[in-house]
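# have a look at this prediction, sequence included:
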Amino acid sequence: MLRIAVPNKGSLSGPAAAMLHEAGYRQRKESKELVLFDSANDVEFFYLRPRDIAIYVSSGRLDIGITGRDLLLDSAAGAEEILQLGFARSTFHYAARPGTAQGVADLAGMTVATSYEGVVEKHLADHGVAATVVHLDGAVETAIQLGVAQVIADVVETGTSLRNAGLETFGEPIMASEAVVVRPTGASTDDPEVQKFLRRLQGVLVARRYVMMDYDIRAEHVDQAVALTPGLESPTVSPLHHEGWVAVRAMVPTSDAQRIMDELYELGARAILTTGIHAARL
Ligand SMILES: Nc1ncnc2c1ncn2[C@@H]1O[C@H](COP(=O)(O)OP(=O)(O)OP(=O)(O)O)[C@@H](O)[C@H]1O
Ligand SMILES: O=P(O)(O)OC[C@H]1O[C@H](OP(=O)(O)OP(=O)(O)O)[C@H](O)[C@@H]1O
Ligand SMILES: [Mg+2]
């Protein structure tokens, strides 16, 4: 039986549960359920605080967890990232009132407030900067107005929280984060249950990122058309009853689908259709 840690709150929890559900796993119906056994798949889900997940996984008592890369690095736990999940994307930055600092080197002697002191202390040490780090649980943007710190280091997504507090990022981003699957550092990669779980999540990622494209084209243009739709491995090309024409089928990235359809049309392709993919195993 696989034991998996799932975030129970915050930006990670809704999208993580949605992805697991899409991958065919049973998920809890209400937020007070802390453990759920999915007997059909022989998987036990533990709904834990996102910050604690890397720590539980590193202890080896859970096989797999879903957490944020920033939380994983902040905990310095013995867990490692094995799959990127593409949601809860954010960048981690220093920010302050305009004119306070240009880069990390200017922070010597200053006080930095953050919920991620592991990440910040390491970043300062890597740059040889001696600054004081104050831990706050959240809403760190307000620390500057209230005089607790001159600088904050926090998660930025749209930048709205910073703008509302009259703050600006400065210097290079400290890190880019997204939801990731973690396992205990160095754990075997060939556990069949873990492999099956990862294949299911990869199937969801493929289904979300690709559409299936079908079109008909004159045989003499098929090489040019296939260059536009190379597929993941190789497109299927089948003869049509209409002499001199072929049908092509290939997966294309959803984000490029409309541009590719226009270019195929220009090449003479017709009956160009895209359909959604519901699940995949590559
Ligand atoms: N506004 C956001 N947009 C995208 N990702 C975010 C945002 N806020 C936090 N995250 C990411 O979510 C993960 C979990 O962060 P955290 O546990 O602090 O949740 P949260 O969404 O901030 O909720 P809360 O602070 O209410 O518990 C982190 O990896 C972080 O990078
Ligand atoms: O750039 P934005 O789109 O504004 O998003 C970033 C904000 O979102 C998170 O805050 P959250 O709402 O989780 O509150 P918290 O500070 O209490 O964690 C994060 O800590 C930032 O404050
Ligand atoms: Mg938060």
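Ah, there it is. Numbering: from 1, shown residues only. Ligands and ions are numbered 1, 2, ... in the order given.
# residue in the stretch 51-200 of the chain with the shortest distance to ligand 2?
Gly138 (2.5 Å; C-beta to the nearest ligand atom). In short, each C-beta sits where N, CA and C put it, glycine included.
# ok, which stretches of the stretch 101-250 of the chain are helices?
117-126, 142-145, 160-164, 192-209, 222-228 (DSSP state H, counting those that start in this stretch).
# tell me what the longest one is packed against?
Helix 192-209 makes packing contacts with strand 2-7, helix 10-22, strand 79-84, strand 179-184 when contacts are defined by 3 or more C-beta pairs under 8 Å, 6 or more residues apart in numbering; DSSP states H and E.
# make CSV from those and add distance to Val248 to it.
Converted to CSV, those look like this (distance: least, C-beta to C-beta, whole Å):
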stretch, distance to Val248
strand 2-7, 39
helix 10-22, 28
strand 79-84, 30
strand 179-184, 34
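# the nearest residue in space to the residue of the stretch 51-200 of the chain closest to ligand 2 that is not next to it in sequence: neighbouring residues, count only.
Excluding the flanking residues, the one nearest Gly138 by C-beta to C-beta, 6 or more residues apart in numbering is Ser115, at 6.0 Å. Ser115 is flanked by 20 other residues according to other C-beta atoms under 10 Å.
# so Ser115 touches His135, yeah?
Yes - applying C-beta atoms under 8 Å as the test, Ser115 and His135 come out as touching, 7.0 Å apart.
# and Ile53, what helix or strand is that in?
Ile53 is part of helix 53-58 when elements are defined by DSSP states H and E.
# what would the helices and strands packed on helix 192-209 look like in CSV with mean pLDDT?
Below are the helices and strands packed on helix 192-209 laid out as CSV (pLDDT from 0 to 100):
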stretch, mean pLDDT
strand 2-7, 98
helix 10-22, 97
strand 79-84, 97
strand 179-184, 98
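# would you turn these into TSV with distance to ligand 1?
Formatted as TSV, the helices and strands packed on helix 192-209 follow (distance: least, C-beta to the nearest ligand atom, whole Å):
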stretch	distance to ligand 1
strand 2-7	7
helix 10-22	3
strand 79-84	12
strand 179-184	7
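# and those as TSV, adding mean neighbour count?
Below are the helices and strands packed on helix 192-209 laid out as TSV (neighbours: other C-beta atoms under 10 Å):
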stretch	mean neighbour count
strand 2-7	22
helix 10-22	18
strand 79-84	17
strand 179-184	23
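# how many neighbours does Thr67 have?
When neighbours are counted by other C-beta under 10 Å, Thr67 comes out with 33.
# contacting residues around the residue found closest to it once you drop the neighbours it is linked to in the chain?
In space, and not counting its chain neighbours, Thr67 is closest to Ile53: 4.1 Å by C-beta to C-beta, 6+ apart. Going by C-beta atoms under 8 Å, 6 or more residues apart in numbering, Ile53 touches Ala5, Pro7, Gly65, Ile66, Thr67, Leu71, Val182.
# 10 Å instead?
Under the criterion of C-beta atoms under 10 Å, 6 or more residues apart in numbering, the neighbours of Ile53 are 4-8, 12, 46, 62, 64-68, 71-72, 75, 77, 79, 182.
# ditto for Arg61
Arg3, Ala5, Phe46, Pro184.
# just give me the closest of the residues you listed to Pro173.
Set against Pro173, the nearest of the contacts of Arg61 by C-beta to C-beta is Ala5 (27.1 Å).
# quick one, phi psi at the closest residue to ligand 1 within the chain?
Taking C-beta to the nearest ligand atom, ligand 1 has its nearest neighbour within the chain at Gly68, 1.9 Å off. Backbone geometry at Gly68, expressed as degrees, to the nearest 10, gives phi -90, psi 150.
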